[in-house]
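Peer 1: give me the fold of what follows.
(2 chains)
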Amino acid sequence: DSGVTQTPKHLITATGQRVTLRCSPRSGDLSVYWYQQSLDQGLQFLIQYYNGEERAKGNILERFSAQQFPDLHSELNLSSLELGDSALYFCASTALAGASYNEQFFGPGTRLTVL
Amino acid sequence: AQKITQTQPGMFVQEKEAVTLDCTYDTSDPSYGLFWYKQPSSGEMIFLIYQGSYDQQNATEGRYSLNFQKARKSANLVISASQLGDSAMYFCAMREGGRTGTASKLTFGTGTRLQVTL
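Peer 2: Below is the predicted model:
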């Protein structure tokens, strides 16, 4: 158990819909990352938040948005869903110092299926 | 250009044998970190081992070791004494940038599927 939690574990929805994926980082970790793993694109970085502020953006579509709340949990919002958005979405968190600085702890992922 | 290249889509190894999974990387940043993650069929990403660009010695974690050849820009994972439970997808990843207080994103390779046989 990495200490990072993600809900829901599975999500099945229809094209055009909007969903919200939730992530709670490890206790004390300020930095949260979102990754998308799909068959055709592999594992791709979407966006990073640090202590509530957006820190870096990757290949995140305009239909997708994220935020990090004061309690440090993060939400990834996916709207106007398309079939190609079906993927495993991971959240990861990292410490900023100390022995575990060099590790990004991944949550179990949310498997999104768009029908 | 691909930043992380894993040229072996699939590998087979017999139980108790050692296996090497290849990874080459490309960066102009002098400060970077290299990671290996294991993804079993259940889907979670499990951190295995880390090598920093300034580390003098190759990293080891139990049965996992990282063969770091900086000049060749390679960071191969060696798994010794393979076990059936090692069957999984293995990803090499890189983080660029120094230790500034916020760690940057990971860039992943396409992965190698390892199958351990009896």
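Peer 1: that's a helix at A:Gly84, yeah?
Peer 2: Yes - counting by DSSP: H, G, I helix; E, B strand; the rest coil, A:Gly84 is located in a helix.
Peer 1: where does the chain have low pLDDT?
Peer 2: All of this refers to chain A. Within chain A, the segments meeting pLDDT under 70 span A:96-102.
Peer 1: sorry, should have said chain B
Peer 2: Looking along chain B with the criterion set at pLDDT under 70, you get B:1-2, B:97-103.
Peer 1: any idea what the residue most central in space within it is bridged to?
Peer 2: Most central in chain B under C-alpha atoms, centre = their mean is B:Trp36, positioned 3.1 Å from the mean C-alpha point. For B:Trp36, the beta-bridge partners are B:Ile49, B:Cys92 (DSSP bridges).
Peer 1: residues in contact with it?
Peer 2: B:Trp36 makes contacts with B:21, B:23, B:48-49, B:64, B:66, B:75, B:77, B:90-93, as judged by C-beta atoms under 8 Å, 6 or more residues apart in numbering or on different chains. The way it works is simple: take the backbone N, C-alpha and C, and place the C-beta from them, glycine included.
Peer 1: bridging residues for B:Leu77?
Peer 2: According to DSSP bridges, beta-bridge pairing links B:Leu77 with B:Leu21, B:Leu66.
Peer 1: residues near it, how many?
Peer 2: B:Leu77 has 28 neighbours, counted by other C-beta atoms under 10 Å in any protein chain shown.
Peer 1: hang on, it packs against B:Gln51?
Peer 2: No - using C-beta atoms under 8 Å, B:Leu77 is not in contact with B:Gln51, being 9.9 Å away.
Peer 1: quick one: common contacting residues for those two?
Peer 2: Common neighbours of B:Leu77 and B:Gln51 (C-beta under 8 Å, 6+ apart) are B:Leu66.
Peer 1: please identify the helix or strand for the spatially most central residue of chain A.
Peer 2: Centroid-nearest residue in chain A, with C-alpha atoms, centre = their mean: A:Trp34, separated by 3.1 Å. Secondary structure from DSSP states H and E places A:Trp34 in strand A:31-38.
Peer 1: so is that strand next to chain B?
Peer 2: Yes - Strand A:31-38 comes into contact with chain B (C-beta under 8 Å from any C-beta of the partner chain), by way of A:31, A:33, A:35.
Peer 1: kindly report the residues of chain A close to chain B.
Peer 2: A:2, A:31, A:33, A:35, A:42-45, A:48, A:50, A:55-56, A:58, A:88, A:90, A:92, A:94, A:96-97, A:101-106, A:108-109, A:111.
Peer 1: okay, and which of the residues you listed map to strands?
Peer 2: A:31, A:33, A:35, A:42-45, A:48, A:50, A:55-56, A:88, A:90, A:92, A:94, A:104-106, A:111 (DSSP state E).
Peer 1: just the buried subset of the residues of strand A:31-38 next to chain B, written out for ChimeraX, thanks.
Peer 2: The ChimeraX command for the buried members of the residues of strand A:31-38 next to chain B (criterion: 16 or more other C-beta atoms under 10 Å in any protein chain shown) is given here:
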select /A:31,33,35
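Peer 1: quick one: contacts of the helix or strand containing B:Met89?
Peer 2: For B:Met89, the element it lies in under DSSP H and E is strand B:88-96. Strand B:88-96 is contacted from outside by A:43, B:3-4, B:6, B:21, B:23, B:25, B:27, B:29, B:31-41, B:45, B:48, B:75, B:77, B:103-109, B:111-114, using C-beta under 8 Å, 6+ apart.
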